[in-house]
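K.L.:
sequence below, structure please.
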Amino acid sequence: MTVEVLYFDGCPSREALLPRLRRLLDDAGIAAEIDLRRVDSPEAAEHERFLGSPTLRIDGSDVDPAAAERTDYGLKCRLYPTDDGLRGMPPDDWIRNALAAGGKSQG
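P.N.:
You can find the predicted model right below:
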């Protein structure tokens, strides 16, 4: 399983996401390495289909079920809709679902 966190330098949410992501991987019994991938230009953001920092992909698929419908790529902070409003990290349920599916059912 490939686990990627795409980010840009200075993103505070990336640092907050990593311990949560490691815990969720441990809880799921998945011993995958987390590949940290820095995106450093608008061109790279477009090429990577980077929706903002942090972007979490499992086996190449964004954990956000609606990500495939978006095209607003760029160097920006990413906000995720949660039950508590917009947050800088995806909800745990999205991550768990993506890990269980191996990323196959996501966009």
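K.L.:
residue 72 touches residue 49, doesn't it?
P.N.:
No: distance between residue 72 and residue 49: 10.3 Å, which falls outside the contact criterion (C-beta atoms under 8 Å). Where you see a C-beta, it was placed from the backbone N, CA and C, and this is true even at glycine.
K.L.:
these two - which one has more neighbours?
P.N.:
residue 49 (16 against 10; other C-beta atoms under 10 Å).
K.L.:
low pLDDT regions in this structure?
P.N.:
Applying pLDDT under 70 to the chain flags the ranges 103-107.
K.L.:
just want the most central residue of it.
P.N.:
For the chain, the residue sitting closest to the mean C-alpha position, by C-alpha atoms, centre = their mean, is residue 56 at 1.4 Å.
K.L.:
list phi and psi for that one.
P.N.:
Backbone torsions of residue 56, given as degrees, to the nearest 10, read phi -110, psi 130.
K.L.:
got the contact list for the nearest residue to it once chain neighbours are set aside?
P.N.:
Leaving out its chain neighbours, the residue that sits closest to residue 56 by C-beta to C-beta, 6 or more residues apart in numbering is residue 63, at 4.9 Å. Residue 63 is in contact with 56, 57, 90, 94, 95, 97, 98, 106, counting by C-beta atoms under 8 Å, 6 or more residues apart in numbering.
K.L.:
one more pass at 10 Å, please.
P.N.:
Neighbour list for residue 63: 3, 21, 55-57, 80, 90-91, 93-99, 101, 103, 106-107 [criterion: C-beta atoms under 10 Å, 6 or more residues apart in numbering].
K.L.:
buried ones only from these, please, as a ChimeraX command.
P.N.:
To isolate the buried members of the contacts of residue 63 in ChimeraX, using 16 or more other C-beta atoms under 10 Å:
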select :3,21,55,56,57,80,90,91,94,95,97,98,99,103,106
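K.L.:
let me know the secondary structure of the residue nearest to residue 28 when sequence neighbours are not counted.
P.N.:
Spatial nearest neighbour of residue 28, excluding adjacent residues (C-beta to C-beta, 6+ apart): residue 99 at 4.9 Å. When classified by DSSP: H, G, I helix; E, B strand; the rest coil, residue 99 comes out as helix.
K.L.:
with that, I have no additional questions.
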